[in-house]
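Peer 1: Structure here, sequence nowhere to be found:
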């Protein structure tokens, strides 16, 4: 077929995600997986220590109080918090529930309400767990 | 004409003579009610008659004039020059992630093909009477109505990094169309469409970036359609495992 | 020359074109080439808002729909066509429902019907206020299922191909590849839409340039009743964007600068209570009468001055935010986006803008034109449905009913047609293509498409508007002739561009619109009476300010004359059941009904 086309395909660079703040925030969210991996490794190490070490409590305390570990754990907490924030924001998208079964009703439970309920549960659970840990 | 002037920096490309696109600046005289599309029309009518861009309805319903304006995929007819008072110039580029054919016109055939590949037509039950409409309550309509507002403008494909990186991804608008059809109570073809969306190049390329929903000019929320689709796809997968075991 | 061989070529992939394609495609042996200068979902059908009429409720009947349409058309309708139409309307709408059109519903699940202007019974099926959008998308999606529909997207129609006195195809320009492509066919259907872009302020998209009308016109098919141009009473000032009649169907009211519902001064009945619109009364009168009322208010200085010209106010506040969200979501968004008004809190500024072309390519009831093998359906055609004024929501149904007919009829013709002389047609196509590009790229021109188009639109707006006079229309006819001459001298500035050369497209579109504009102006000049949307202020002792059934109960036919103003002839109107009577709305209509009046 005759054609005068000469399509120009714009090259995609490895730095594509720096083009917009939305992409950067997305990459940060995805990068929190690295710190989640760190927490997993840390827990694994503590489990192994419980089994293999002569003095597991001392080993674990020295691990957790090491400045590098401490830093990583603080970062991990921030990462989890950010991931929680983005997850809770997105969560209502997967939940389309009408406020009543009345066939004439077309109102959905609003997304902010669903998100707020997640925060509510999070805060209540956190308080209970912290209290349990503190007073046990 | 008015005293207000704005510089439009437009990415131009002529396949017959250019090797690569390049920016060209234009001084646009504008009034408060003017959209970017009005600005482009001004350029075409007064400064560069050969500037090519798609447009039609001027009211954000036909989907023709999608382009990237100051780094955001938008409809030119629904974006207003007055909202860029803080910008020295407004950068106008063709829709991202599609090949540029000429100036602001891209080849969107990949998106069109994908939209058409999801069997986007309702397959009604065979027993419905031909001489009467089927019943559908307002709530049943509301289950899919929002997702039927898609004007197929392409902003979501321009926004999507997964589509940028993986051209086999079916894409937000096609998956939204699929969801819309599957949730219309009159349809009987869910199985075939569920199989389509459950492919790797279907829903599962999506990593919930969510920028598609941010840029959608009709508030369709394709990210929601995909999220809901993922839940259904996962359920369907598990149910099939049980069916197989039987 | 690139060639496509097919059975039926359709120019235009909007509602009518898609419906015709689907009808023809029912026979899997028939090949269809669907040609459109834009992707199908961009077609202007998408912008229609209010709904599609079809007699369906228990209180309704084909007879009532027939009478409303005929009186709405000021008795210029071909009544056999109207009868055919009303009987098939509900069937088409039901079929669309089965295909997935998201019609708005009652709690019971039944389709909801709304009131519309000029209709005595609610019979307008609607999908929120995006009816045209949903109808178009439903048809487009349904068409995807058919493998025998070959789509030629973004192909601009450059010329009709004729052989042995028959329509045999279309020469197109493939915008993506930058080449001409000849579509050779046994039958051609034109479904290319209206021509409101001949005017300065219009609801219409910039692609609505009368392409198919001009193509048929240049091949000897007359354009019928072109003087009947519908002004929609409620368009946004400046942009002209449409605020649907449904806003008035849901209870919206029109106010002048004194906050007064001025329509009660114009034989449209008594003021109805707020929120309780009465059919055929006040704001639910027909479009021509409402637009004319604006004109009179403007003359009296009672319209509201705004930075974008004179307006009146469309007040929807009493409808309430909840109902507005459900029934009129799109216009709420349009008002907020384009004039910064939230209709729940403030009235919307509106004014009449050009909206619809009642006239078009002359066809018979089977959508056949005088050129064998050529059919036309939808707004581009004048099948005789709308007469001198279209009722709102009749045209979305028209595209379905007559798109279907065109598809069926073209199929029948194509199956019985002789083989196409491929060699001869290809040579003809090549000749047209070569000479076109040679002419348009030879020499320079100081004039521009933009300048000629602007002058054409201003001329039409000022001289062939809502109210017309001989002097103004004569000057329009003369001005348009001069613009045609200027048009012939126009040249492309970009002589190398082939791919997506929109400069070429706009230049050719302008030529089409100028031809149509000449037909409008000349037809208007020659109709020495007032009927429907063609209203005059002149005539000896004001003779032409009234309807004149003795001399003008006939259709205007505008014939192409090379390098000259179109020649006007006339043809008969088909009257079957409804003898011409006085058009009455509001309380006059009630009185007439009580007396068992003749009109409706």
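Peer 2: It's in. Note that the structure is predicted; figures quoted are calculated from it, not measured.
Peer 1: what about the closest residue in space to residue C:22 that isn't next to it in sequence, neighbour count?
Peer 2: For residue C:22, ignoring the flanking residues on the chain, the nearest one in space by Cβ to Cβ, 6 or more residues apart in numbering or on different chains is residue C:143 at 5.5 Å. In this view, the C-beta of every residue, glycine as well, is placed from N, C-alpha and C. Neighbourhood size, residue C:143 [other Cβ atoms under 10 Å in any protein chain shown]: 22.
Peer 1: Spell out which parts of chain A neighbour chain B.
Peer 2: Contact residues, chain A versus chain B (Cβ under 8 Å from any Cβ of the partner chain): A:4-10, A:12, A:16-17, A:19-20, A:22-23, A:26, A:30, A:90, A:93-94, A:96, A:98, A:101-106, A:108.
Peer 1: which of the residues you listed are buried?
Peer 2: Neighbour counting by 16 or more other Cβ atoms under 10 Å in any protein chain shown classes A:4-6, A:8, A:10, A:17, A:20, A:22-23, A:26, A:90, A:93-94, A:96, A:103, A:106, A:108 among the residues of chain A next to chain B as buried.
Peer 1: secondary structure element for residue C:188?
Peer 2: strand C:187-190 (DSSP states H and E).
Peer 1: Tell me which strands that strand pairs with, and in which orientation.
Peer 2: strand C:8-11 (parallel), strand C:374-376 (parallel) (DSSP bridges).
Peer 1: So what's the gap between the last one and the chain middle?
Peer 2: For strand C:374-376, the gap between its own C-alpha mean and the chain's C-alpha mean amounts to 16 Å (Cα atoms, centre = their mean, to the nearest Å).
Peer 1: List the buried residues in that strand.
Peer 2: Buried residues in strand C:374-376 (16+ other Cβ under 10 Å): C:374-376.
Peer 1: Next to chain A, which bits of chain B? Give me the list.
Peer 2: Contacts of chain B with chain A, taken as Cβ under 8 Å from any Cβ, map to B:13, B:15-16, B:20-21, B:71, B:96, B:99-101, B:107, B:137-143, B:161, B:164-165, B:207-211, B:214, B:221, B:223-224, B:227-228, B:230-231.
Peer 1: Please indicate which of the residues you listed are buried?
Peer 2: Buried among those by 16+ other Cβ under 10 Å: B:13, B:15, B:21, B:96, B:99-101, B:107, B:137-143, B:161, B:164, B:208-211, B:214, B:221, B:223-224, B:227-228, B:230.
Peer 1: what helices or strands is the lengthiest helix in chain C leaning on?
Peer 2: Longest helix in chain C, counting residues (DSSP state H): helix C:502-526. Packed against helix C:502-526 by the contact rule (3 or more Cβ pairs under 8 Å, 6 or more residues apart in numbering or on different chains; DSSP states H and E) you find strand C:155-163, helix C:211-218, strand C:223-224, helix C:449-463, helix C:470-488, strand C:554-561, strand C:564-572.
Peer 1: Run the chain-centre distance for that helix.
Peer 2: 15 Å.
Peer 1: what does stretch B:126-143 give?
Peer 2: Taking the mean of its C-alpha atoms, stretch B:126-143 sits 28 Å from the chain's own mean (Cα atoms, centre = their mean).
Peer 1: can you check stretch C:454-473 too?
Peer 2: 19 Å.
Peer 1: and the strands paired with strand C:187-190 as TSV, adding mean pLDDT?
Peer 2: As requested, these are exported to TSV (pLDDT from 0 to 100):
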stretch	mean pLDDT
strand C:8-11	98
strand C:374-376	98
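Peer 1: what about the strands in the stretch 1-150 of chain C?
Peer 2: C:2-5, C:8-11, C:32-35, C:52-53, C:113-114, C:124-125, C:149-152 (DSSP state E, counting those that start in this stretch).
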